[in-house]
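Peer 1: Pasted the sequence and its predicted model underneath.
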Amino acid sequence: MDKFKALIANQEDGKFRASFQEIDFAVLPPGEVLVRIAYSSLNYKDGLAVTGKPGVIRRFPMVPGIDFAGTVRESASAQFKPGDEVVVTGCGTSEHLWGGYAQFARLDSEFIVPLPRGMSLKQAMAIGTAGFTAMQSVMELERHGLKPGGREVVVSGAAGGVGSIAIAILGKLGYKVTASTGRPEQASYLRSLGASEIIGREVLNSPSKKPLEAERWAAGIDNAGGDTLAGMLRTMAIGGSIASCGLAGGATLNTTVFPFILRGVNLLGIDSSRVPNARRREIWSRLSRDLPLDLLDSMTTVAPLEKVFELGEQILAGKTRGRIVIDVNA
């Protein structure tokens, strides 16, 4: 094989262009490990990247796709050998490093994690950055004292990738989970993942003149930002924590200091990109233990790479559910 298929994004005369191309191996950027990609995935940031929205791709030309899973073909690293199955999730891929919307990728070993035992490459991409972020959020909440048996844990953007996997993890761990969604038709789906209660998006994001409202949540995982995060802060119980990991509802946060100084609420920023390799392996280990793979499979659909433009528009419009795996060889 002298060439392989890749989605190449570029800027021409200041305009975004993206197309499928057959490219030479020599065009790949340098790196210690060459991976034959089996699957990638679709995340919100991928939707931004493939539709040409600013803020994701930092360097052109670029292969988008912040996640991929596949088999090592060549390695100059002592940590990996040909034939090893590996996983990569957002570590600058699709930003300044070429990503997973291609049949091959070359990357340094510091960004690569061995595929957890008992997990398939497709399941690893059903998890992807969304599931990695969900598990990272749960672990950070645990680090700040969250334990099962107390008040509810609320998850916003519940029908999306991060939300779906977070609910499945929290449900297995014994938490009482409330799913916040703007799509009431997804109620049965969310209950099947482990949510014990469903609330409309408006419960959290309705404007309020009150700096604090009745205590309700032990913790929260917020994918929305904006008014949703502000509402979550107002209703957090004393000593509660919120893992903030998304901005689908807006980047501006209008709130007060009262939740922090009167209730001791912790607002925890979740950056899933700049995670050291050792920590990445810990998070994947927890995913292999605490995410029910049957629930993961039930929330997953597989699509060919050629549909990524259409799917990118859909995820930005909030019209996707659960996780979408991209088969780069279909």
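Peer 2: Arrived safely, thanks for sending. Residues are numbered from 1 along each chain as shown.
Peer 1: which stretches of the stretch 1-150 of the chain form helices?
Peer 2: Taking DSSP state H, counting those that start in this stretch as the test, the helices found in the stretch 1-150 of the chain are 44-50, 121-143.
Peer 1: What distance do you get for residue 8 to residue 25?
Peer 2: Distance of residue 8 to residue 25, given as Cβ to Cβ, to the nearest Å: 14 Å. Bear in mind the C-beta positions are built from the backbone N, C-alpha and C, glycine included.
Peer 1: Quick one, which of the helices of the stretch 1-150 of the chain gets closest to residue 325.
Peer 2: Closest to residue 325 of those is helix 121-143 (Cβ to Cβ; 4.7 Å).
Peer 1: Give me the buried positions along that closest one.
Peer 2: 121-141 (16 or more other Cβ atoms under 10 Å).
Peer 1: follow-up on the earlier one: look at residue 8 and residue 25 and report which has more neighbours.
Peer 2: Legend: neighbour count by other Cβ atoms under 10 Å for residue 8 and residue 25, higher for residue 8 (19 against 14).
Peer 1: Between the helices of the stretch 1-150 of the chain, which one is closest to residue 229.
Peer 2: Closest to residue 229 of the helices of the stretch 1-150 of the chain, according to Cβ to Cβ: helix 121-143, at 13.3 Å.
Peer 1: I'd like the average pLDDT over that closest one.
Peer 2: Throughout helix 121-143, pLDDT has a mean value of 98.
Peer 1: Extract the CA atoms of it and return them as CSV.
Peer 2: C-alpha atoms of helix 121-143 as CSV (Å, rounded to 0.1, in the frame of the first residue of the first chain):
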residue,chain,number,x,y,z
LEU,A,121,-11.3,-1.3,19.2
LYS,A,122,-14.9,-0.3,18.3
GLN,A,123,-15.9,-0.1,22.0
ALA,A,124,-12.8,2.1,22.7
MET,A,125,-14.0,4.5,20.1
ALA,A,126,-17.6,4.3,21.4
ILE,A,127,-15.9,5.6,24.5
GLY,A,128,-13.6,8.1,22.8
THR,A,129,-13.0,11.6,24.2
ALA,A,130,-16.6,11.8,25.4
GLY,A,131,-16.3,8.7,27.6
PHE,A,132,-12.8,9.6,28.7
THR,A,133,-14.1,13.0,29.8
ALA,A,134,-17.1,11.5,31.6
MET,A,135,-14.8,9.1,33.6
GLN,A,136,-12.3,11.9,34.3
SER,A,137,-15.2,14.0,35.6
VAL,A,138,-16.4,11.2,37.9
MET,A,139,-12.9,10.6,39.2
GLU,A,140,-12.5,14.3,40.0
LEU,A,141,-15.8,14.5,41.8
GLU,A,142,-14.7,11.4,43.8
ARG,A,143,-11.4,13.2,44.7
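Peer 1: beta partners for residue 155?
Peer 2: Residue 155 has these beta-bridge partners by DSSP bridges: residue 179, residue 221.
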